[in-house]
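[1] build me a model:
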Amino acid sequence: MKQSAIIIPEGLDTVLLHACCAPCSSAIVEWLVAHGITPVIYYFNPNIYPQEEYETRKQESQRHAGSLGIRWIDGDYNHPAWREAVCGLENEPERGGRCAVCFRHRLLATARMAQEQGIHWFATTLASSRWKSLEQIDAAGQWAAAQVPDTQFWAQNWRKGGLQQRRNELLRQYDFYNQQYCGCEFSMRTTD
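    So this is what the prediction gives:
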C-alpha cells in the first residue's frame with residue numbers, strides 16, 4: 001500500500017468501526033490492524049432496504065470479520081425507526097438532507113455502542129465512499145460524539161492512501177457481494 005495521509009489520533013489503540021458493508025470495511029480493517037489498532041466492527045444499518053438486502057450485507061460483514069478473528073457487533077435492524085427519522089426527506093437528492101439525518105441516526109447509535117463497550121473512539125466506513133459527502137459524515141460524527149459522554153469521533157477520509165484500490169482488490173479476493181446502491185429505498189430510485 002502507498003504511504004497514506006491517514007493520521008492516527010494520539011492514544012487511539014481500539015476503535016469501534018461502524019461498517020456499512022464488508023467491501024467498504026475490508027481495506028480499512030486491514031489498514032487498522034497493520035498499524036496496531038484493534039477494530040471492533042459495529043454493523044448498524046437500519047437504512048438498508050429491503051430486509052433481504054440488509055441480511056445479505058450483514059452476512060458478508062460477519063463472514064469478513066470472522067475470517068480475520070475480529071470482534072463483530074450486530075446492531076438492531078429497525079427500519080421503521082429509521083423511516084421515522086427521515087420522514088419528510090424522502091425526495092431529497094443524494095448528499096442532501098436525508099443523508100445528513102441518516103448519518104446522524106447511525107453514528108449516534110455507534111457512539112452509544114462505543115460508550116457501552118468502553119471504547120473511547122469510533123469511526124465509520126461511510127467515509128470510504130466517493131458517493132458520500134465527507135463534510136456530512138464528519139458533522140454527523142462530531143454531533144454524535146457531543147451527545148455521548150466519553151466518546152470521540154475519528155474523522156478520517158478513508159479514500160486516501162491507496163485504500164480505495166485495496167478495497168477493490170479485497171472485493172475480488174473475498175468474492176464479496178457488492179451492492180449497487182447505498183442501501184435505502186430512496187437511493188434505489190436513482191440507480192434505475
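[2] show the contacting residues for residue 99.
    The contact partners of residue 99, by CB atoms under 8 Å, 6 or more residues apart in numbering, come to 92, 132-133, 136. For the C-beta atoms, the positions are set from N, CA and C on the backbone; glycine is no exception.
[3] pLDDT check: weakest of those?
    Among the contacts of residue 99, residue 132 has the lowest pLDDT, at 89.
[4] farthest-apart pair in the contacts of residue 99, please.
    Farthest pair in the contacts of residue 99 (CB to CB) is 92 and 132. Separation: 13.9 Å.
[5] looking at the two, which is more packed in?
    Remark: of residue 92 and residue 132, residue 132 carries more neighbours, 21 against 16, as counted by other CB atoms under 10 Å.
[6] please enumerate residues in contact with the helix or strand containing residue 164?
    Using DSSP states H and E, residue 164 maps to helix 163-174. The list of residues contacting helix 163-174 from outside it, by CB under 8 Å, 6+ apart, reads 1, 4, 22-24, 26-28, 30-31, 63-64, 67, 128, 130, 176, 178.
[7] residue 40: which element?
    Using DSSP H and E, residue 40 maps to strand 38-43.
[8] rewinding a little: out of the contacts of residue 99, which comes closest to residue 158?
    Closest approach between the contacts of residue 99 and residue 158, by CB to CB: residue 132, at 10.5 Å.
[9] got a list of what the closest one touches?
    If you count contacts by CB under 8 Å, 6+ apart, residue 132 has them with 95, 99, 126, 182.
[10] a markdown table for the contacts of residue 99, including distance to residue 11 and secondary structure?
    Shown next, in a markdown table, are those (distance: CB to CB, whole Å; DSSP: H, G, I helix; E, B strand; the rest coil):
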| residue | distance to residue 11 | secondary structure |
| --- | --- | --- |
| 92 | 38 | coil |
| 132 | 27 | coil |
| 133 | 28 | coil |
| 136 | 27 | helix |
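[11] before I go, just wanted to say thanks for your time.
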